[in-house]
Structure formats: structure tokens, C-alpha cells
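Engineer: build me a structure from this.
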Amino acid sequence: MAKKVRRPNLPDETLERARRELQRAGQLPEQPQPVAQAQAPRAAEAVARPVTRTRGPADLRSEYAYVLADLKSMATVAAAFMVVLVILSFFL
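Structural biologist: Below is the predicted model:
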């Protein structure tokens, strides 16, 4: 079986333009590193300093307010269906 190659599904022109923009911004090194050498330091950094960023309840409430509104509307519809089923159970 052939080895999978990880390449983005983008045209080469788009990739080159993105690389040039990142180099101008100083986010990309001048010479690309080989894959094995580039991933090893990142893995060591991830183990050395774990990400412990947590969000408070206020942040989550403001970010996911639409979910609460959807849950309320679904509960209203479910309650209405239950009332209709109870009423129908008396007549049928």
C-alpha cells in the first residue's frame, strides 16, 4: 500500500503566495525544515508546557447564547407535543 502524503488541497500558486506573505510578516523561517526535524521540537514543547487555558462561565455563556435559546425552543415544542399526546390519549 502506498504511503499517504500530507499536502494541502490548494493550488501551488496559492501556497506560494501564502508562504511569501508569512515570510514578510516574520512568521515563517527562510529555509523550510525537513518534516522529521520540524515536528520533533514542537512535540517536545507540547510535552514541556501543557496548555491550561480555561474559560470562565461568563465567556461560555456569551459565546454559546444561541444554544440556550435553541434548547428553550426545543423544550417548548416537546412540552406542547406531550400535552397533545395526553389530550389525545383521553379521546382515543
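
Engineer: contacts, neighbours, all on C-alpha from now
Structural biologist: Noted.

Engineer: which SSE is immediately downstream of the helix or strand of the chain with the lowest mean pLDDT?
Structural biologist: When the helices and strands of the chain are compared on mean pLDDT, DSSP states H and E, helix 35-48 comes out lowest with a mean of 56. Beyond helix 35-48 in the direction of the C-terminus, DSSP states H and E gives the next helix or strand as helix 57-63.

Engineer: give the next helix or strand downstream of that next one.
Structural biologist: By DSSP H and E, the next helix or strand past helix 57-63 is helix 65-91.

Engineer: quick one: low-confidence parts of this structure?
Structural biologist: Along the chain, the model assigns pLDDT under 70 to residues 1, 8, 27-56.

Engineer: can you rerun that using 90?
Structural biologist: The chain contains residues with pLDDT under 90 at 1-65, 68, 91-92.

Engineer: measure residue 83 to residue 74 for me?
Structural biologist: Distance of residue 83 to residue 74, computed by CA to CA, to the nearest Å: 14 Å.

Engineer: what of residue 16?
Structural biologist: Here the distance between residue 16 and residue 74 works out to 48 Å (CA to CA).

Engineer: now residue 80
Structural biologist: Spatial separation of residue 80 from residue 74 under the definition CA to CA is 10 Å.

Engineer: repeat that for residue 62.
Structural biologist: 20 Å.

Engineer: give me the more crowded residue out of these two.
Structural biologist: Using other CA atoms under 10 Å, the more surrounded residue of residue 62 and residue 74 is residue 74, with 12 against 9.

Engineer: and residue 4, its phi and psi?
Structural biologist: Taking degrees, to the nearest 10, you get phi -70, psi 140 for the backbone angles of residue 4.

Engineer: neighbours of it, just the number please.
Structural biologist: Residues within reach of residue 4, counting by other CA under 10 Å, total 6.
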